[in-house]
Every structure is written in structure tokens, then in C-alpha cells.
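In: Need a 3D model of the sequence below.
(one chain, ligands or ions: 2)
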Amino acid sequence: MVACYAPRETRTPLPTTGGTKGVFGLGGTVEDASITAEIGLRYARLIRYSTILANVGVQLPPNFPPGDITMDDDVVQLVAGSAGMAVDVELTSGIDAGATLTLRHDTLVSNGDPGSVGVRAHATPSANPRSLTVNTDSTIVHGFGTDLSRTASSGGGQVAAHINLDHSDYDPMKTFSQNTGSGASGSISPGLHNVNVAPGYLSPTDLRLAASSPLIDIADPAALAADEPGGDLNGDPRVVDGNGDGSAISDIGAFEYQRRPPTVSAAAAPSSAATGQPVSFTGSASDLDGDSLGPLEWTFDDGATASGPAVSHAFSTAGTHTATLRVTDAAGVTGAAGATVTIVAAGISVSSFSLTNSVFAVGRAPTPLVAARKRRAPRGTTFRYTLSQAATVNVAIQRARPGRRRGKACVAPSRRLRRAKRCTRYTTAGTLTRTGGAGANLAPFSGRLGRKALKPGRYRAVLTATAGGSSSSARTVRFAVVRG
Ligand SMILES: [Ca+2]
Ligand SMILES: [Ca+2]
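Out: Ligands and ions are numbered 1, 2, ... in the order given. Purely as a prediction, here's the structure:
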């Protein structure tokens, strides 16, 4: 994060639209301008954070006083329809001195015309020494009919026109360089770090760099010059690690790729639901860098996953549950957001409880000595029960025993209670534990608890289903165990 740049919103834009002349004036600073004109801007000394759409973008004409001119973080785009020049500097009659134009982190955009020129530097004859220099650094000058053009013509004096450039994007085959006369000198002098590639804008109308742009992190790795802005044309930090390699280096052009994670939001509805009840999760994602985004990927805290802007998921256990939405941008950077939902245990119900044989025998009957046409009791039984959801089922097997009333309770008979009212009390012989699914279930019961056979007598079975920490109300069936 670079600290020393002014937030963009504190500046006042200078909109100028239409006409032949955009902003014309001697010297001075043009900042935050948005200019549309045939000739966009003339005579300024410092041009910064400006967007110029013109046939001739920035022009420093023949009678411009010599000195230094600087363009930082600007876009100059040629209108369609005629050849055009993005930046045109000319040193000519009456001015016998030097002029230096410095381009840093600018984006110059062609209109595709074969006659278009990116940067033109022109020094005309003079009897006295005269020198014009254009230093181009970290700048896009790509796609013009002629990306760079320089000419110097001598009328006897020493006349020079130089274009130096480094860490910039241009085509070395699309240059023009000419010296006329014995005193003329100068050349196009590229440094070692230029590239010749398509810039990889987000779109023809959005000149920010896409995540895949080859211009990210290949500008000058040295610290910015003391007078160079710490922000880009958008007011975002200029020196950002755009490729994620851990090294923050600025990009070529007016816009710095910011490599911000996608902005992700997620919501759940309803915010509270029962176990097994579907909850709707909706999400959205956007990206401040304009990056294309991958799918919306949901992960639920029970391990389930889903994909898309609107999904549904049911949790099987009670408690606070979380869904996490993750979205990854074209740079491979992931943004995430969470949505929580409170799950309460659904009410479990047992809608029926019965058994196939309500009178049955456990043990094997002795072999009769005389065959008799006596109907034998069936052996064993099967519990049948229907559950509203999957649950753990406990069936308590309770034997009916004689008892006497003591208050509301039915207790074991005793001498003291011999005159109390008779009642039936139940003692638990054992409990069967089974798992059951939603719907009808069967649980065979031989009449043995483990190996131990129930004694003949009257019994009841009390069934309770439990899931997610809640239990059903108890259901009871009665049966009798007889000798086999
Ligand atoms: Ca960068
Ligand atoms: Ca991004």
C-alpha cells in the first residue's frame, strides 16, 4: 500500500466535451480532466489522471516555451475515423533551447487507422542548438500505424530529437526515425525491458488490465520517482503485487491491476428451521477489478457441497449451522462469505405401533405324548412401527404385576396395603434398541431379551423414538407370553 496519493474523490473533474479545442492554455497543471475534442489538450506542463478522447490527444505546438513537460497516469485515445496522433511534440521556429517530455504510466490507444501515430517528436531546422527529448517509461504505445516517430532536420545548427523508452509496450517494427542535414541527430533508444504484446484490456471501452494481461508487474521495479503519483488513474495504489508472486511491482499503463478478491455475499432463508427441513441459500458475487468469476461454490458445515446462486440444503442435526460461499476470480483469488442458520430438532412422531402376534410363546413346547388338535400359540412376534423420520427406537418390555394403590401410585403388594385397591404395575424386563427409517419399520422379537426368555404373563411394550436430541411421545402395545 502506497500512502502518498490523493484519494480520487477529493479532486474536481474537468469535463470538456465537443468542439475543436479541448483545454488550451499556457503552462499549468491539468488534473482529473475528462476531455473530448478534436485537439484534446495543448500547452500544459503537467498532465495527470486525465482521460482524453481526441484526434490529436496532447499537442505541444511549435511555439510552446521550452522546458519540462510531464504526463502521468493518463489515457489518450484516438477517435475513430481519421489518422490522429496521441502525443505530438514539436520544437520549431523561434525557440532555441531544449524541451523534455516525460511519459510515465500512460495508456495511449490507437483507433486502428494505418496513419495513426502514438508518440511523435519533431525538431525543425535552426541556426542554433536545439534539442527535444521524449522519455517514455511504463507506458503503452501499442497498436498504432506508427507507434513511435521522430524526425530532426538541421538548417546548420545542432538539432536533435530523441525518443528514449523503457518498461513500455510498443512494436519496434512500427517506428519511424529520420535525421536530415549534417547537424541533425537523435534516435529511438529502447532500454532492455520493453515488450511488444497486446495489452490485454478488460474490454475496448474498459482500459483497465485484465487479470491475464502480460503487462502486469513488468514496469520498472525500482521505486517510483519522488514526483511520481503513488496512485493510478482510478486513484488505486500504483505499486501492487498483481500476479501474486509476493513482489509488488507496478504495471505498464495508466491502470494498476489491484488483484482484489471477489466481493461475496450469502444469505439463508428461513434463518431458523427444523432438522430435515430444506433451507434456501442465496449468494452473489462481484469483482472490483472487473475480473470474470468462477461458479458460486457452497460448503456446508456437515460436509455437503452445492454450486450456484440459489441452492437448498437440509441439516440433520440441531444447532447453529454455517454455509460458506466461495467464489474465485480470474486471477485465482478467492472471496468468501458465510450464512448461519439455527436448526432445531424436528418433532418426531410415531404414527402407528402394533405387533403381528399379540399372544405368543417363547420357548419350545414339550413334545406331546398324545397328539391333540390343540391350536398352538405362534412363536415370537414382530413389532411394526411407522416413523416420521429416521430415529433411534427404544422398546421397553414391561411385565404386568399385581399391585396395590398407594395414593396415585401402584406399588408392590404388602401386608400393610392388603386392603388397598388392586392395580396393575409394570416392571421393566429389558429394552430393545433399534434404528428405524422414515416410514414403516419391522423389528422381530422372539420373546427373549438377549438369551433370556420372558416368563409367561402379560406384558406391554413401550416405544419411544429419538432423533436430533428430541423424542417422540411414547406408544404402547400389549401382549401376552404363553407356554409353547
Ligand atoms: Ca503490479
Ligand atoms: Ca479480483
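
In: how about the closest residue to ligand 1 within the chain, what does it touch?
Out: The nearest approach of the chain to ligand 1 comes at Gly242, 3.6 Å away (C-beta to the ion). Placement of C-beta: from N, CA and C, glycine included. With contact taken as C-beta atoms under 8 Å, 6 or more residues apart in numbering, Gly242 is in contact with Leu209, Ile216, Asp217, Ile249, Asp251, Glu256, Tyr257, Gln258, Arg259, Ala331.

In: these two touch, right, Ala310 and Ser280?
Out: Yes - using C-beta atoms under 8 Å, Ala310 is in contact with Ser280, at 6.7 Å.

In: Which ones among the contacts of Gly242 lie within strands?
Out: The subset of the contacts of Gly242 located in strands under the criterion DSSP state E comprises Leu209.

In: now the contacts of Gly242 in CSV, with distance to ligand 1 and pLDDT?
Out: Formatted as CSV, the contacts of Gly242 follow (distance: C-beta to the ion, whole Å; pLDDT from 0 to 100):
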residue, distance to ligand 1, pLDDT
Leu209, 9, 98
Ile216, 5, 98
Asp217, 4, 98
Ile249, 5, 97
Asp251, 4, 98
Glu256, 6, 98
Tyr257, 6, 98
Gln258, 9, 98
Arg259, 8, 98
Ala331, 11, 97
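
In: Go ahead and build a PyMOL selection from the buried members of the contacts of Gly242.
Out: Buried residues within the contacts of Gly242, by 16 or more other C-beta atoms under 10 Å, are selected in PyMOL with:
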select buried, resi 209+216+217+249+251+256+257+258+259+331
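
In: Of all pairs in the contacts of Gly242, which one is the farthest apart?
Out: Ile249 and Ala331 (15.2 Å; C-beta to C-beta).

In: Which positions in this structure make contact with ligand 2?
Out: Arg260, Asp287, Asp289, Asp291, Asp329 (C-beta under 5 Å from the ion).

In: Would you convert the residues you listed into TSV that also reports pLDDT?
Out: Putting these into TSV (pLDDT from 0 to 100) gives the following:
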residue	pLDDT
Arg260	98
Asp287	98
Asp289	97
Asp291	97
Asp329	98
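
In: In helices only, show me the residues you listed.
Out: Using DSSP state H, no member of the residues of the chain next to ligand 2 sits in helices.

In: Quick check: Cys410 vs ligand 2, distance?
Out: In this view, Cys410 and ligand 2 are 74 Å apart by C-beta to the ion, to the nearest Å.

In: Count the residues that sit near that residue.
Out: The number of residues packed near Cys410 is 18, by other C-beta atoms under 10 Å.

In: thought it was touching Ala400?
Out: No - taking contacts as C-beta under 8 Å, Cys410 lies outside contact range of Ala400: 10.4 Å.

In: Between these two, which contacts overlap?
Out: Joint contacts of Cys410 and Ala400 (C-beta under 8 Å, 6+ apart) are Thr424, Arg425.

In: quick one on the thing from earlier: what about the residues of the chain next to ligand 2, which one has the most neighbours?
Out: Busiest of the residues of the chain next to ligand 2 [other C-beta under 10 Å] is Asp291, holding 25 neighbours.

In: Which residue is the nearest non-sequential neighbour of that one?
Out: Asp329 (3.8 Å; C-beta to C-beta, 6 or more residues apart in numbering).
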